[in-house]
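> could you work out the structure for the sequence below:
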Amino acid sequence: MTQTRRHGVARLLSLEATHLSPNRFYWAWIFATAGYGVGDTVTTVAIVWFVPWVAESNPVVAGGVATFGLAGLVAVKLGAMLACLAIAHHSALAGDRLLPYFLPVGLGLFGTLVTAWNLLLLFGLA
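Next comes the predicted model:
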């Protein structure tokens, strides 16, 4: 039963039925994970916990932090990444040639810019 379930999930998430290059798709998501998932999350945690005069500007993240602390912050960030991944995968299955790459690259660029801004705030340069 476990083998069948894994096979079903692997088949559901497969890119075989699409025109996408799996390597390009994976590298785009590695970039998104590094820029947004790690960079933005780590610097946001540092600011929220170590810079009391700076408030989180995203109301969803601020609400998550106020309600659930660090777990709320991570849940919001992870939820955003998973939503983008689901949309990118669905659009790939629908035959879209741009959106499956645009979402992770856009998320990675956004995360990198926000990480840079957070670092400026963290070190008192902004």
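> now do the strands in the chain.
Assigned by DSSP state E, the chain shows no strands.
> in space, not sequence, find me the middle residue of it.
M81 (3.2 Å; Cα atoms, centre = their mean).
> residue contacts, that residue?
Shown in contact with M81 (Cβ atoms under 8 Å, 6 or more residues apart in numbering): 32-33, 36-37, 107. (C-beta placed from N, C-alpha, C; glycine too.)
> count of neighbours near G35?
As a burial measure, G35 scores 21 neighbours (other Cβ atoms under 10 Å).
> how about it, nearest residue that isn't a chain neighbour?
Computed as Cβ to Cβ, 6 or more residues apart in numbering, the closest residue to G35 that is not its neighbour in sequence is G111, at 3.4 Å.
> do I have it right that that neighbour meets T44?
No: G111 lies out of contact with T44 (Cβ atoms under 8 Å); the separation is 10.2 Å.
> which residues sit against stretch 24-44?
15, 56, 61, 73-74, 77-78, 80-81, 84-85, 88, 92, 100-101, 103-105, 107-112, 114-115, 118-119, 122.
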